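In: I'd like to go over a predicted model; first the sequence, then the structure.
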Amino acid sequence: MVLTTPLFFNLKIIFPDSKITVICSRYSSEILKYNKNVDNILIIDKSLSGYMKVFKKLRQLKFDYFIDVNPDRSKTSKIFLGRVRAETSLGYSNDIINFDVNLSNYNNGFHYTELSTASLRFFAPDFTPNLTPKLYFPTSGSTMLKPNVHLNMSAGKKERNWGLGNYEKLLTHILGEYNLNIYINCLELKIVKELKLKLNSKRLHFHKASIEELAYYIKSSDFAISPDTLAIHIASAFNTPVIGLYNNVEWNYKRFSPLSEKQEVIVSKSRDSIMDISVDTVLESIQRLI
């Protein structure tokens, strides 16, 4: 969802009086909670009753345009195309779904920000959009110790897990070589306890962050380190220097690569794991960023 935010603020430039409704999951809705360019959010709880509630609300609404930004083959896209009452539909047509406007004819890039904003080239061919993601959260003064680095260890998918041993070795090197405070996002309490016990440093700070808190930590950091997850995209939104660890899947790292001005992308040799990325390679990236 972070990489879709350029669509909303650019649409408001092209259509200043427009009202934008976004259909998304509850998790994604947290990203849009304070977004001033979105007028209404319809949250999908992924259950039969959750879908039925959204369908009921959609029956009461009529739109000029329905935009589906998903570039991949999707049965969910087909379902919503049949449920949203709109004069014109725009999306990526394929063998199971046909939109009134096929966005494949208007897309001119590989990155998700380009894919999600292809409709802008239909609405305003001569318009040059700003594709930098924008996040809106309540502002507050930073209470983090400087200088600092944000390390995101929560990978979500097994193939994006770098392994406790690699993280432990990396943290030992950073603590020994740099005067950095390290803020770690880790959802597994067992790993947190083990790192606290083994490394025993007052410069290690652990937190289990909501999206809003995660944005605060990354925005306030001197740089961030993360596998291919939401943390990379949050760093892009705030132009926080970032080191991204990616599987060797070319279309994926082209589509979801970081957008920060200062960035290091490290790609593993494997499609199914990032475990072969060496700690030394990450340390070399840190040295270049610093």
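Out: Cool, got the structure.
In: show me where the stretch 101-250 of the chain has strands.
Out: Secondary structure of the stretch 101-250 of the chain (DSSP state E, counting those that start in this stretch): strands located at 101-102, 148-152, 181-185, 204-207, 223-227, 242-246.
In: which of the three states applies to Val22?
Out: Three-state call for Val22 (DSSP: H, G, I helix; E, B strand; the rest coil): strand.
In: which residues does it contact?
Out: Residues in contact with Val22 (CB atoms under 8 Å, 6 or more residues apart in numbering) are 8, 32, 38, 40-42. Heads up, the C-betas are built off the backbone N, CA and C, glycines and all.
In: isn't Ser29 up against Ile41?
Out: Yes - applying CB atoms under 8 Å as the test, Ser29 and Ile41 come out as touching, 5.2 Å apart.
In: neighbour count winner among these two?
Out: Ser29 (19 against 16; other CB atoms under 10 Å).
In: phi and psi next, for the residue nearest to Glu212 when sequence neighbours are not counted.
Out: Take Glu212 and drop its neighbours on the chain: the residue closest to it by CB to CB, 6 or more residues apart in numbering is Phe137, 5.3 Å away. Torsion angles at Phe137 (phi, psi; degrees, to the nearest 10) stand at phi -140, psi 160.
In: number of residues surrounding Asn105?
Out: Counted with other CB under 10 Å, Asn105 comes out at 11.
In: distance of it relative to Asp228?
Out: 29 Å (CB to CB, to the nearest Å).
In: could you list the low-pLDDT ranges of the stretch 51-200 of the chain?
Out: 140-142 (pLDDT under 70).
In: so which residues of it form helices?
Out: 75-83, 112-116, 118-123, 164-177, 189-199 (DSSP state H, counting those that start in this stretch).
In: centre of the chain to the third one, how far?
Out: Between the centre of helix 118-123 and the centre of its host chain there is 22 Å, according to CA atoms, centre = their mean, to the nearest Å.
In: re the thing from before, which one of the helices of the stretch 51-200 of the chain lies nearest to Ser268?
Out: helix 164-177 (11.4 Å; CB to CB).
In: pull out the buried positions in the closest one.
Out: Using 16 or more other CB atoms under 10 Å as the test for burial, helix 164-177 gives 164, 166-171, 174-175.
In: same question for stretch 100-117.
Out: Buried, per 16+ other CB under 10 Å, within stretch 100-117: 101-103, 106-107, 112-117.
In: now these in a markdown table, with distance to Ile290?
Out: Formatted as a markdown table, these follow (distance: CB to CB, whole Å):
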| residue | distance to Ile290 |
| --- | --- |
| Val101 | 47 |
| Asn102 | 46 |
| Leu103 | 41 |
| Tyr106 | 41 |
| Asn107 | 37 |
| Tyr112 | 29 |
| Thr113 | 28 |
| Glu114 | 31 |
| Leu115 | 33 |
| Ser116 | 33 |
| Thr117 | 33 |
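In: out of those residues, who's nearest Tyr246?
Out: Checking those one by one against Tyr246 (CB to CB), the nearest turns out to be Tyr112, at 13.9 Å.
In: was I right to think that closest one contacts Pro258?
Out: No - between Tyr112 and Pro258 there is no contact under CB under 8 Å: 11.6 Å.
In: quick revisit: could the helices of the stretch 51-200 of the chain go into TSV alongside distance to Ser221?
Out: Shown next, in TSV, are these (distance: least, CB to CB, whole Å):
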stretch	distance to Ser221
helix 75-83	35
helix 112-116	22
helix 118-123	31
helix 164-177	13
helix 189-199	18
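In: and Lys146, how far from Ser221?
Out: Taken as CB to CB, the span from Lys146 to Ser221 is 9 Å.
In: many thanks, have a good one.
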